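Undergrad: with the input below, show me the fold.
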Amino acid sequence: MFSTGKMNHQYLPLFLASYFFFISHSQTPSNTSSQHHCLLDQSAHLLQLRQEFVEKRMYTEYPEYYSYLGFFDYYNGSYPKMKSWKADSDCCSWDGVTCDTQNGEVIGLDLSNSWLYGPLNSNSSLFSLSHLRKLNLALNNFSSSTTIPSEFGQLVRLTHLNLSHSFLHGRIPSEISWLSNLVSLDLSENYFDHSVGGDYNEKLLDLRRIDLEALVQNMTYLRELHLGDVNISSSLPQSLANMSSLTSLSLSWCNLQGKFPSYIFLLPKIQAIDLSYNPNLVGFLPKFQSRSFLKELRLHYTNLSGEFPNSISNLKSLNYLDLSSNNFSGAIPPSIGNLSQLTHLSLSYNNFNGQLPSTLGNLAKLTDLRLDNILNYREVPSFLRNFTHLEKLSLSQNNFDSSFPIWLTNVTKLGWIDFSKNQLKGPIPSEISRLRNLFYLALSYNSLTETMPSILFTTPSLAILLLRHNQLTGPLKFQNISTSPLHALDLSENKLNESIPRSITNFTKLQVLLLSSINLKGKVELNIFFEIKELQYLDLS
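TA: Modelled structure (predicted):
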């Protein structure tokens, strides 16, 4: 059986090779006769598809930059899946290909993370694979495409479509809404451009409101809708309320406008909602129902307001709650302590008043806690002792005027501490070196005094140390630090009044060194900084 798609004569040798493979295997007895081999035309279309792209591994030009952004979490382990595709073998056994065991049609194609580089053209042989149900092209580079081809709308059997992280841009075609059998659609995070200047929105995928409405109305089976970084620039359609099968909704960085329909929080099967980075989105949290399945609620940097609902305790499955950088007001309800599954809590930068409820100490599973600029305490709250699983703690801008709490060093899993922009006094305790997993320590803009404990620099995981604008004094001592992983050190605006010791060259991995306004004594020997081979940025002003 042949598809109606046209085959260019230059692919005839591939076609014939597939044909003779098919004939030879069809004449050979097999113990697995119930399992069909790949159909002749399917193999030819796949081999033609392979010719449409070149292999190019992602993110090899600026490894440090992309590592910082976390892209290597996605791209580590990638490899060119099409490289194993051979014309003299059964395409149902090819990497990334799934066939229907009854008839040999290709029904699944997973080419995610496969080093594909080139345009997605409207005449691609991909669109001849009309029986596809699952298609994953995520984590490739289609930046030379002018837009997403409207021919995707022809693949009407699709239930899963993933084009995320693939550098696509331009208008999302209205034909996407023809895919009425979809249960999962992911077009997220396609924005990328190193270049300076230009219109940010021109580098995004664009989804017009009329197309969004059609998508929502036609895809009644949709369970997962991920449109992060897609420029929507409008309010959401009311028809979202009818998506009763929806379990996951991601609309971060979409430039959403107007009032967010609060009933979306109450969809019967919803488990994850991400509306982060939509500063023009207004609205409020509803009264949550006890039957809710919500596990993740990410609302960072929107413009939601109102009081923190006491009904939050009904979200028994909630493990991730981020309400930071909004306009929520009133008291934080004691019922928050009933969220026993919570591992991530961020309430920073709101207008809450009063004290934190003591029930917060019940959240024993917390690994990430961020309460910046909301507390009304003179010292770091002692209930943090209960959080033995805590890995990340951010309490900046809270006006603490006590000393650094030594008891915090008993929370041994801590890898990130940010106490910047408080009024902490006294010395930096040497006990911090007990935190063997500590990666990031920010104590800038406090009133810390005395010399820095030299043992701090031997903390085995410490990569970023920020101590700007304190009252620390010299001398600087950098002994026994040859194995230090320190990448960034900021000692600016202190009272060191010392010369810079040559031992600073022992920081072999140091990339950023900030030593401005520290009243250095004597002549600075610039040549010593050239001995720090990894150093990229130096400030001695």
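Undergrad: need the next SSE after the helix-or-strand element of the chain with minimal mean pLDDT, C-terminal direction.
TA: Among the helices and strands of the chain, helix 12-26 carries the lowest confidence by mean pLDDT, DSSP states H and E, at a mean of 41. Moving toward the C-terminus from helix 12-26, the next helix or strand (DSSP states H and E) is helix 40-51.
Undergrad: after that next one, next one along is what?
TA: Per DSSP H and E, the first helix or strand lying C-terminal to helix 40-51 is strand 54-55.
Undergrad: helices and strands around that next one, which ones?
TA: The elements that strand 54-55 packs onto, with contact taken as 3 or more Cβ pairs under 8 Å, 6 or more residues apart in numbering; DSSP states H and E, are strand 116-117. The C-beta positions use only the backbone N, C-alpha and C, and glycine is treated the same way.
Undergrad: show me where the stretch 151-300 of the chain has helices.
TA: For the stretch 151-300 of the chain, helices defined by DSSP state H, counting those that start in this stretch occupy the ranges 209-218.
Undergrad: which intervals of the stretch 51-200 of the chain have sub-threshold pLDDT?
TA: Applying pLDDT under 70 to the stretch 51-200 of the chain flags residues 58-77, 192-200.
Undergrad: just the strands in it please.
TA: 54-55, 97-99, 106-110, 116-117, 134-136, 160-162, 170-171, 184-186 (DSSP state E, counting those that start in this stretch).
Undergrad: ok, which of these comes nearest residue 231?
TA: strand 170-171 (9.6 Å; Cβ to Cβ).
Undergrad: which ones are touching residue 112?
TA: Applying Cβ atoms under 8 Å, 6 or more residues apart in numbering, we find residue 112 in contact with 136-140, 162.
Undergrad: which one of the residues you listed is nearest residue 501?
TA: Nearest to residue 501 among those is residue 139, at 46.1 Å by Cβ to Cβ.
Undergrad: number of nearby residues for the closest residue to the closest one other than its chain neighbours?
TA: Nearest residue to residue 139, sequence neighbours excluded (Cβ to Cβ, 6 or more residues apart in numbering): residue 113, at 4.3 Å. Residues near residue 113, counting by other Cβ atoms under 10 Å, number 23.
Undergrad: hang on, isn't residue 113 packed against residue 140?
TA: Yes: counting by Cβ atoms under 8 Å, residue 140 is a contact partner of residue 113 at 7.5 Å.
Undergrad: hmm, back to that, I'd like the strands of the stretch 51-200 of the chain as a markdown table, with mean neighbour count appended.
TA: Listed next are the strands of the stretch 51-200 of the chain as a markdown table, based on neighbours: other Cβ atoms under 10 Å:
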| stretch | mean neighbour count |
| --- | --- |
| strand 54-55 | 12 |
| strand 97-99 | 20 |
| strand 106-110 | 21 |
| strand 116-117 | 21 |
| strand 134-136 | 20 |
| strand 160-162 | 21 |
| strand 170-171 | 14 |
| strand 184-186 | 21 |
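Undergrad: out of those, the one nearest residue 206 is which?
TA: Smallest distance to residue 206 across the strands of the stretch 51-200 of the chain (Cβ to Cβ): 4.8 Å, for strand 170-171.
Undergrad: contact partners of that closest one?
TA: Outside strand 170-171, the residues that reach it (Cβ under 8 Å, 6+ apart) are 145-148, 205-208.
Undergrad: give the buried subset of the residues you listed as a PyMOL selection command.
TA: The following PyMOL line selects those of the contacts of strand 170-171 that are buried, judged by 16 or more other Cβ atoms under 10 Å:
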select buried, resi 145+147+148+205+206+207
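Undergrad: now flag whichever of the contacts of strand 170-171 is closest to residue 537.
TA: residue 205 (34.3 Å).
Undergrad: so what's that closest one closest to, chain neighbours aside?
TA: Per Cβ to Cβ, 6+ apart, closest to residue 205 is residue 230, 4.7 Å.
Undergrad: I figured the one you found hits residue 204, correct?
TA: Yes: using Cβ under 8 Å, residue 230 is in contact with residue 204, at 6.6 Å.
Undergrad: joint contacts of the two?
TA: Both residue 230 and residue 204 are contacted by residue 190, under the criterion Cβ under 8 Å, 6+ apart.
Undergrad: is it correct that residue 242 is in contact with residue 220?
TA: Yes: contact criterion Cβ under 8 Å: residue 242 and residue 220 qualify, at 7.4 Å.
Undergrad: just to revisit the earlier point, which residues touch the residue nearest to residue 205?
TA: 172, 187-188, 190, 204-207, 254.
Undergrad: need the pLDDT of it.
TA: Residue 230 is assigned a pLDDT of 97 by the prediction.
Undergrad: with residue 458 as the reference, measure out to it.
TA: Per Cβ to Cβ, to the nearest Å, residue 230 is found 47 Å from residue 458.
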